[in-house]
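Engineer: Sequence first, predicted model second:
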Amino acid sequence: MEIPPKSPDGSEKSPPSKELLTSNTASTLCISSRSESVWTSASRSKWDIYHKPVIVVSVGAAVFLFGIVITSLSYIQIKNKNVYKMCGPAFLSLGLMLLVCGLVWIPIIRKKQKQRQKSQFLQTLRSFFFNR
């Protein structure tokens, strides 16, 4: 008969069972993956899908317009002209960068959605024919 090992505080520990040592790693990976929506078939609304690029486009447009205003102030106002001339183009470029990134992100998401729909369709066909 084997005596269970004692912990430093004196209480007894139970020996590790073989059931705990063997685990199904594939199911663990599927559960803990970052893109959990791939494994679930719940449909998402358009806002859930496109909210990040829409926010990036909105912020980019706002920063771009702010850059236009600051740049135009450098031509109108005589006071602090150098500050406006330095900050205006910086806001223009930052806003334009965010605007373009958001506008490019939207077609990428559309393409991913189409690929996901094709993949789900093929999985249902495969399960229909092979699970008979």
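Structural biologist: Perfect, thanks for sending it.

Engineer: so who does Ile70 touch?
Structural biologist: 84, 87-88, 91 (CB atoms under 8 Å, 6 or more residues apart in numbering). Bear in mind the C-beta positions are built from the backbone N, C-alpha and C, glycine included.

Engineer: Okay, and which of those map to helices?
Structural biologist: Under the assignment DSSP state H, the contacts of Ile70 contribute 84, 87-88, 91 to helices.

Engineer: Looking at those, which is nearest Leu99?
Structural biologist: Phe91 (12.0 Å; CB to CB).

Engineer: Nearest spatial neighbour of the closest one, chain-adjacent residues omitted?
Structural biologist: What sits nearest to Phe91 in space, not counting adjacent residues and going by CB to CB, 6 or more residues apart in numbering, is Gly67, at 3.2 Å.

Engineer: hang on, the one you found in a helix?
Structural biologist: Yes. Assessed by DSSP: H, G, I helix; E, B strand; the rest coil, Gly67 belongs to a helix.

Engineer: Give me the pLDDT value at the closest residue to Leu65 other than its chain neighbours.
Structural biologist: Sequence neighbours aside, Gly95 is the residue nearest to Leu65 in space, at 7.2 Å (criterion: CB to CB, 6+ apart). Looking at Gly95, its pLDDT stands at 96.

Engineer: residue contacts, Gly95?
Structural biologist: 60-67.

Engineer: how much space between it and Phe128?
Structural biologist: Distance, Gly95 to Phe128, by CB to CB, to the nearest Å: 50 Å.

Engineer: pLDDT weak spots in the protein?
Structural biologist: Low-confidence segments of the chain (pLDDT under 70): 1-42, 132.

Engineer: can you give me the helices in it?
Structural biologist: Counting by DSSP H, the helices of the chain are 18-21, 25-32, 46-76, 81-130.
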